[in-house]
Every structure is written in C-alpha cells, then in structure tokens.
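Participant: Whatever this is, show me its structure:
(chains A and B)
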Amino acid sequence: RKEVEQDPGPFNVPEGATVAFNCTYSNSASQSFFWYRQDCRKEPKLLMSVYSSGNEDGRFTAQLNRASQYISLLIRDSKLSDSATYLCVAGFWGQNFVFGPGTRLSVLP
Amino acid sequence: DAGVIQSPRHEVTEMGQEVTLRCKPISGHDYLFWYRQTMMRGLELLIYFNNNVPIDDSGMPEDRFSAKMPNASFSTLKIQPSEPRDSAVYFCASRRQADTQYFGPGTRLTVL
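Facilitator: Purely as a prediction, here's the structure:
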C-alpha cells in the first residue's frame, strides 16, 4: 500500500462548480499535512497547510480527519485558473514529506 | 529571495554519457531533497540531506546515481552512465526544519 494515495482523476468540472478531493495516508503518526499545486511542466508549489481544526483560504478549504487518516480539499466557485494537479502531502518535520501521486483537475468554460 | 535554483533547465544527452545536475537551496534552509518525476511513477524522492549530511538515499535507483552536498549552498546529482529510462524531470527542494518545502524549477533530462 502506498503511503499517500489519491484518486488520479481527471476531474472535469464546469466553471463555478464546487469540487472536492480526498487523500488517504497510511502512517498514523504523520504530523504535518499539506496540499501542493502543480501546473503543467512546472514545479509543485504550496497551496495550503492542513491543520487539525481545518482551515480555509479564500475559495479553498482543507480538512484533516486523523481517525480515518484522510485529508480533503474543497474548491468552491472553480475558476479556469484552478486547472492543475493537486498533490496531497503527509510527513514529519524532521524527515521527508511523502507526496501523493496527485489528482488532476480540469475546469471547463 | 531567489528561491531554489537548478541548472541546467534542460539537458539532452546520449546513452552512456555522464550527467550532472546542480542545485542551490534557499539560504538558511537545512534540508535539501532530490526528486524525480515521470508520468508513470509520479514524484519520487531520491535522496535528502540535513545540514549537508545524506540522511536517506533509499530512493536512489542504483549505483549509477550519486549525490553530494559539499556545503550548505550547493548540491549535485550525478548519473553515470546515463540510460534512456533516466529521462524525467529532476526537482531539487529545500526547507527549514519546521517550514514550507520549496521546489526549484526542475531539470528536464532526456537521454537518447
């Protein structure tokens, strides 16, 4: 079983739609969680950290469920510019962060 | 801040040649990571350093791959001899202990 698993997609949604991604991690001792965004032919960039209490940044909401070992990302009012691959990350500060394979999102006009 | 700097950005070489990829981490970052990304395998960790010391190289595919970090501001990833299956995008990333991990722009390697 991979340490971090995601549905690869693609998720094809119309502009303005709400879309949610889930991600599961296998190491119950993981301390740190993130969502990264990767545009085509570019490097991954931090989208947002994920906190135990859940957190929101504009149209983006991240949730952590430690009991079920999953992380979610909700995107409201999707924009064309949200089209990208979203990478889920779990890990420990003193060690490596494990990146999931990514979920591809296409927002259609 | 200049961000993580990688060179070259693109490399095309022939099978059997030596390839050296270079990385300059963000100043003050004490962790440095080398990743490889392909469509088939996604983002794979090759090796990472903490304070210039290699901590985990279990992701290095085989003896043809080697990485060094002679000082806090420079690291290299070397492939010798290169093979077509090494074609991928190689990313370097750095971070402080309890901080965001930043990636460089990557080196797109093509081995013919």
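Participant: bridging residues for residue B:37?
Facilitator: residue B:43, residue B:89 (DSSP bridges).
Participant: Next to chain A, which bits of chain B? Give me the list.
Facilitator: Proximity of chain B to chain A (C-beta under 8 Å from any C-beta of the partner chain) is limited to residues B:33, B:35, B:42-43, B:45, B:48, B:55-56, B:91, B:97-98, B:100-106. Every C-beta, even on glycine, is put in place using the N, C-alpha and C of the backbone.
Participant: Mind doing that once more with 6 Å?
Facilitator: B:42, B:43, B:45, B:48, B:91, B:97, B:98, B:100, B:101, B:103, B:105, B:106 (C-beta under 6 Å from any C-beta of the partner chain).
Participant: ok, the second one to residue B:110 distance?
Facilitator: Meaning residue B:43. 19 Å (C-beta to C-beta, to the nearest Å).
Participant: Between these two, which is the more surrounded one?
Facilitator: residue B:43 (23 against 14; other C-beta atoms under 10 Å in any protein chain shown).
Participant: residues in contact with residue 16?
Facilitator: All of this refers to chain A. The neighbourhood of residue A:16, defined by C-beta atoms under 6 Å, 6 or more residues apart in numbering or on different chains, consists of residue A:77.
Participant: Sorry, I should have been clearer: chain B.
Facilitator: Taking C-beta under 6 Å, 6+ apart, one finds residue B:81 in contact with residue B:16.
Participant: Please enumerate the strands of the chain.
Facilitator: If you meant another chain, say so; for now it's chain A. In chain A, the strands defined using DSSP state E lie at A:4-6, A:11-14, A:19-25, A:32-38, A:45-49, A:55-57, A:60-65, A:70-75, A:84-91, A:97-99, A:103-108.
Participant: think we crossed wires, I meant chain B
Facilitator: B:5-7, B:10-13, B:19-24, B:31-38, B:42-50, B:53-56, B:65-71, B:74-79, B:88-95, B:102-103, B:107-111.
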